[in-house]
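> no FASTA, just this:
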């Protein structure tokens, strides 16, 4: 595919396990990320904050009730020493917990290495962090934090039986193209590259049992074998969005 036809942005979704909520993360241009909250029951969308850097999508999880998200990110910023040698700043990679669709951290955990942070929500208000360090910082009232924060090493014994298998199936469903995608792509064979079925960025089954997918910054649902657009975020551009008060409190 030529550079002229490359999608300018991509969308990936993360569903809450026990609520009709999905958090969409939009990337594009490459260093800019926007969080969007999707009310799956009403197909309503709340567009939130932007962040410059990189979000490690494999280390993202949404709480079962859809109210919180845990993610790992880096800003790739470097500071310059007096000798002119560029060295990383004190914190350029971190794990955070926030309220979608805002990146504003309620819990902030500095990371030493990229790609090893993030975490997973368990049931019974458990939060497992992949790299739980001594520098963990509560930026909202710790006494009101609804989670018991635990190292990921305790995940296997603390979560409900079978949850690992369910999480594995969910991850597989959200990263692999299901059969209906392959069948429909075959059907549109020689159609225009603008057809969303020729560029599937992410696909899943939502809490209403619908086949949904994203293509070039747009969200679609498959109805009667054809895609219907639910939302178009392809033309979104960076805006400075201040978090509301509720996004800064538990």
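Yes, it's here. Owing to the predicted nature of the structure, the values given are computational and were not obtained by experimental measurement.
> use CA for all of it now, contacts and neighbours both
Noted.
> this structure: helices as residue ranges?
Ranges of helices in the chain, per DSSP state H, are 155-158, 163-175, 179-188.
> tell me how many other residues crowd residue 51.
22 (other CA atoms under 10 Å).
> excluding chain neighbours, what is closest to it?
Using CA to CA, 6 or more residues apart in numbering and skipping residues adjacent in sequence, the residue nearest residue 51 is residue 33, 5.2 Å away.
> correct me, but the one you found touches residue 25?
Yes. Shown here, residue 33 and residue 25 form a contact pair, counting by CA atoms under 8 Å, at 6.8 Å.
> could you list the low-pLDDT ranges of this structure?
1-7, 77-91, 112, 156-194 (pLDDT under 70).
> let's see 90
1-8, 29-30, 75-93, 110-116, 123-124, 131-135, 152-199, 224-226 (pLDDT under 90).
> just to revisit the earlier point, who touches both of residue 33 and residue 25?
Residues touching both residue 33 and residue 25 by CA atoms under 8 Å, 6 or more residues apart in numbering: none at all.
> do I have it right that residue 94 meets residue 107?
No. Contact between residue 94 and residue 107 fails when scored by CA under 8 Å: they sit 10.2 Å apart.
> the two: who's more crowded?
Set residue 94 next to residue 107 and count neighbours by other CA under 10 Å: residue 94 wins out with 23 against 18.
> touching, residue 117 and residue 94? I think so.
Yes. Using CA under 8 Å, residue 117 makes contact with residue 94 at a distance of 7.2 Å.
> joint contacts of those two?
Common neighbours of residue 117 and residue 94 (CA under 8 Å, 6+ apart) are 72, 111.
> contacting residues for the nearest residue to residue 147 once chain neighbours are set aside?
Setting aside the residues directly before and after it, residue 147 is nearest to residue 125 in space (CA to CA, 6+ apart), at 4.8 Å. The contact partners of residue 125, by CA under 8 Å, 6+ apart, come to 146-148.
> same deal with residue 206?
By CA under 8 Å, 6+ apart, the neighbours of residue 206 are 15, 40, 212.
> and residue 138, what does it touch?
106-108.
> hmm, I typed the wrong one, I wanted residue 49.
Residue 49 neighbours (CA under 8 Å, 6+ apart): 34-35, 101-103, 239-243.
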